[in-house]
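Engineer: Here is the input, now give the coordinates:
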Amino acid sequence: MQAMIGKMARMYPMLIAMGFMIVLIAAIVGYFNSQTAAAYFAQPKELRETTLIAQRVSIESTGQWLPYFKFLGIGLILGGIVMALRVIIDHLKAAGAEVLSNLPAEKRPPMPASPWFGPLMPMVMMLGEVIFVVALIAALGLAGTATQVFARPVPEIDAAGAGSALLAQVQTIQTVSAWLVPFKFLGIATEFLAIVMGLATIIFILGAQTELLEKGIRIGRGEQGVVRRTDERAATGRANTVPA
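Structural biologist: Below you'll find the predicted structure:
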């Protein structure tokens, strides 16, 4: 499992590029939506509420899904950072193992294990991505509801009576929007938690491998001392056997 995650982590540039493209698309859509809003609110109220219904539908429906689409892009960028941290962790482990491979196998100290939260880092990142996807799906549903609601003139919306389907749709928009806003920030917090876990893992590995390399250096120096003393004894033995 961890080996497969390590291979997938090398695709972090793709995640970052995808996230940037999504944010860029969101910025372009937001710009055109702002132009629609500018043209809409430049008209008198009577005209806006009775004639420019299509423009209002576009403004309201886009405002429902666009922020969550943008946050999905930001989440992909943060996920790419998490995967880049995973690549750094794998390289640190490989470098430590390569240095220790110069020692005799019987005296080679074992590589330190990652902290318990290290293997969980990619899973926490994926949980954050799932939160963003769920939020976007819910926002797209709200956009569809907003299209149905605001396709009616504003006076008709304001006159919706208790128990009517129209009022129920308005209630759905307000209710779901109320929990979607903190939900998307939960996704951001989850992604940042994964980044913190990755940085903490790197700090742990650097500290553990520093101690391990110091131990390996002491072992290597001890081996060199044994070889040097052996060579000296062999040289002394040869000198004693030389005929006078």
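
Engineer: Show me the shaky parts of the chain.
Structural biologist: Applying pLDDT under 70 to the chain flags residues 1-3, 103, 216, 219-244.

Engineer: which stretches of it form helices?
Structural biologist: 2-9, 12-41, 45-50, 53-100, 121-149, 154-158, 165-240 (DSSP state H).

Engineer: Could you dump those into a markdown table with mean neighbour count added?
Structural biologist: (Glycine included, C-beta is placed from N, CA and C.) Formatted as a markdown table, the helices of the chain follow (neighbours: other C-beta atoms under 10 Å):
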| stretch | mean neighbour count |
| --- | --- |
| helix 2-9 | 13 |
| helix 12-41 | 14 |
| helix 45-50 | 12 |
| helix 53-100 | 19 |
| helix 121-149 | 19 |
| helix 154-158 | 12 |
| helix 165-240 | 14 |
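
Engineer: To residue 106, which of those helices lies closest?
Structural biologist: Closest approach to residue 106 among these is made by helix 165-240 (10.6 Å; C-beta to C-beta).

Engineer: Please name whichever of the helices of the chain is nearest to residue 109.
Structural biologist: Residue 109 lies closest to helix 165-240 among the helices of the chain, at 5.5 Å (C-beta to C-beta).

Engineer: Not counting residues beside it along the chain, what's closest to residue 208?
Structural biologist: In this structure, residue 208 finds its nearest non-sequential neighbour in residue 112, 3.7 Å apart by C-beta to C-beta, 6 or more residues apart in numbering.

Engineer: wait, doesn't that neighbour sit right on residue 209?
Structural biologist: Yes: with contact defined as C-beta atoms under 8 Å, residue 112 reaches residue 209; the gap is 6.7 Å.

Engineer: ok so, going back, would you format the helices of the chain as a markdown table with distance to residue 108 included?
Structural biologist: Compiled in a markdown table, these are given as follows (distance: least, C-beta to C-beta, whole Å):
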| stretch | distance to residue 108 |
| --- | --- |
| helix 2-9 | 22 |
| helix 12-41 | 32 |
| helix 45-50 | 77 |
| helix 53-100 | 5 |
| helix 121-149 | 28 |
| helix 154-158 | 75 |
| helix 165-240 | 8 |
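
Engineer: For the residue nearest to residue 208, list the residues it contacts.
Structural biologist: Counting by C-beta atoms under 8 Å, 6 or more residues apart in numbering, residue 112 makes contact with 205, 208, 209, 212.

Engineer: mind checking how far the last one is from residue 94?
Structural biologist: Which is residue 212. 14 Å (C-beta to C-beta, to the nearest Å).

Engineer: Same check on residue 77?
Structural biologist: Per C-beta to C-beta, residue 77 is found 26 Å from residue 94.

Engineer: and what of residue 65?
Structural biologist: Going from residue 65 to residue 94 by C-beta to C-beta gives 43 Å.

Engineer: okay, which residue is most central for the protein?
Structural biologist: residue 79 (2.0 Å; C-alpha atoms, centre = their mean).

Engineer: In contact with that residue, which residues are there?
Structural biologist: With C-beta under 8 Å, 6+ apart, residue 79 has these contacts: 15, 19, 125, 126, 128, 129, 191, 194.

Engineer: Give me the nearest residue to residue 10, chain neighbours excluded.
Structural biologist: Closest residue to residue 10 apart from its sequence neighbours, by C-beta to C-beta, 6+ apart: residue 87 at 6.2 Å.

Engineer: pretty sure that neighbour contacts residue 9?
Structural biologist: Yes: with contact defined as C-beta under 8 Å, residue 87 counts as touching residue 9 (5.1 Å).

Engineer: Phi, psi for the residue nearest to residue 208 please.
Structural biologist: Phi and psi for residue 112, reported as degrees, to the nearest 10, are phi -70, psi 140.

Engineer: how much space is there between it and residue 211?
Structural biologist: Per C-beta to C-beta, residue 112 is found 8 Å from residue 211.
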